[in-house]
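> Show me how the following folds:
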Amino acid sequence: MKCRRCRGSAVVEVRRHNAAYCRGCFLHVTRAQVERAIRSWAMLRPSDRVLVAVSGGKDSLALWDILLDLGYRADGLYLGLGIGGYSERSAEVVRAFAASRSATLREVDLAEAYGFDVPTAGRRGSRSTCAVCGLSKRYVFNREALEGGYDVVATGHNLDDEAATLLGNTLRWQTDAIARQSPVLPAADGLVKKVKPLFRLSELETAAYAFLRGIDYVVEECPLVAGNTQLRYKQAMNAIEAGSPGTKAQFFLGYLQRGRPRFEGADRPELEPCARCGQPTTGRFCAFCRARAQILGERLEPRASGAGEDRQVAEELAEEVLPAELYGAGPRG
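Predicted coordinates for the structure are as follows:
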């Protein structure tokens, strides 16, 4: 096959574009897609300090690589989840990448900083392992960005991720989640701006980019991911894409252009500081503090005004299926 841009020998085929590219042209086109995403959604300014959430996988490392090449002041943040050899290998890969690019890497160990790791959370908590993992990442990324003085948090969510998320939310008609899904989540009180510059690129494209750039990344999936609902949605989208290339892009990019404006008027909940950590939340305690209290067997202290306040806290925590002793509604059994 011939490269669409230069007519040289192609090494990568992109079926959804009915095109193929040589190495140099593919890297150029990939960076151009990221630049287009950043420009069209006003994701980043040249002066911004960017914190890239890196896991050791292809997407986050490809994103960090591209942002550095584009001249952004982009530091990395790696969160150690305590998943045995998988986390150890991921940390090694991220450190090696940072060293090869002379880039700044911040590291947080979940167990050291917050008293639990993801496997422990999966055994003790009411949430699934993947749910606690995602919750912990969102919480730590925002907190580290605030404390580090960063303007933006960038994540490596690609087209496959976004299409699968949209499919799941649509199947359940979770209109509040559909309204929030966007390549850019603006800053708010206590929340740093979050962006997804890879949303125009498929998972295969980011993998090809990492391979052609010689980026070492963790190929294996997380050993705790079995049964993850998001994977099932991805598999369903992959099956459709195989027969109709371009379906994922049409689905998600079409939503951004024609569907999302219809949901933008949805009511947004008011946020207030979490009574324990100060991070924004819709209730008295944020979801992370509630989950952490359950995992560690800690007590979330009620307000001093009496039983009425105890009942209010109990209602806020009901969705987490927490035992009563965590919010003080009764004696330990």
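> What are the boundaries of the helices in this structure?
23-40, 58-69, 84-100, 110-114, 118-124, 129-148, 159-171, 175-180, 203-213, 229-243, 247-254, 260-263, 287-296, 307-317 (DSSP state H).
> Serialize those helices to a markdown table and add fields for mean pLDDT and distance to K196.
C-beta coordinates here come from the backbone N, C-alpha and C atoms, glycine included. Formatted as a markdown table, these follow (pLDDT from 0 to 100; distance: least, Cβ to Cβ, whole Å):
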| stretch | mean pLDDT | distance to K196 |
| --- | --- | --- |
| helix 23-40 | 98 | 8 |
| helix 58-69 | 98 | 9 |
| helix 84-100 | 97 | 19 |
| helix 110-114 | 97 | 23 |
| helix 118-124 | 88 | 23 |
| helix 129-148 | 95 | 13 |
| helix 159-171 | 96 | 7 |
| helix 175-180 | 90 | 13 |
| helix 203-213 | 97 | 12 |
| helix 229-243 | 94 | 15 |
| helix 247-254 | 97 | 11 |
| helix 260-263 | 88 | 14 |
| helix 287-296 | 93 | 21 |
| helix 307-317 | 41 | 30 |
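> of these, which approaches V192 most closely?
Proximity to V192 (Cβ to Cβ) singles out helix 129-148 among the helices of the chain, at 4.2 Å.
> Give me the buried stretch members for that closest one, please.
Within helix 129-148, the residues scored as buried using 16 or more other Cβ atoms under 10 Å are 129-133, 135-146.
> What of stretch 272-290?
Here stretch 272-290 shows 274-276, 279, 281, 283-290 as buried, counting by 16+ other Cβ under 10 Å.
> Tabulate the helices of the chain (TSV), appending distance to K193.
Below are the helices of the chain laid out as TSV (distance: least, Cβ to Cβ, whole Å):
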stretch	distance to K193
helix 23-40	13
helix 58-69	15
helix 84-100	23
helix 110-114	23
helix 118-124	26
helix 129-148	9
helix 159-171	18
helix 175-180	14
helix 203-213	22
helix 229-243	24
helix 247-254	21
helix 260-263	18
helix 287-296	19
helix 307-317	27
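> Tell me which of the ones you listed sits nearest to K194.
helix 129-148 (8.0 Å).
> which outside residues touch the closest one?
For helix 129-148, contacts defined as Cβ atoms under 8 Å, 6 or more residues apart in numbering pick out 49, 51, 53, 75, 77, 79, 81, 106, 108, 110, 113-114, 118-119, 121-122, 125, 127, 150, 152-153, 155, 190-192, 194, 224-225, 228, 230, 277, 279, 286-288, 291, 295.
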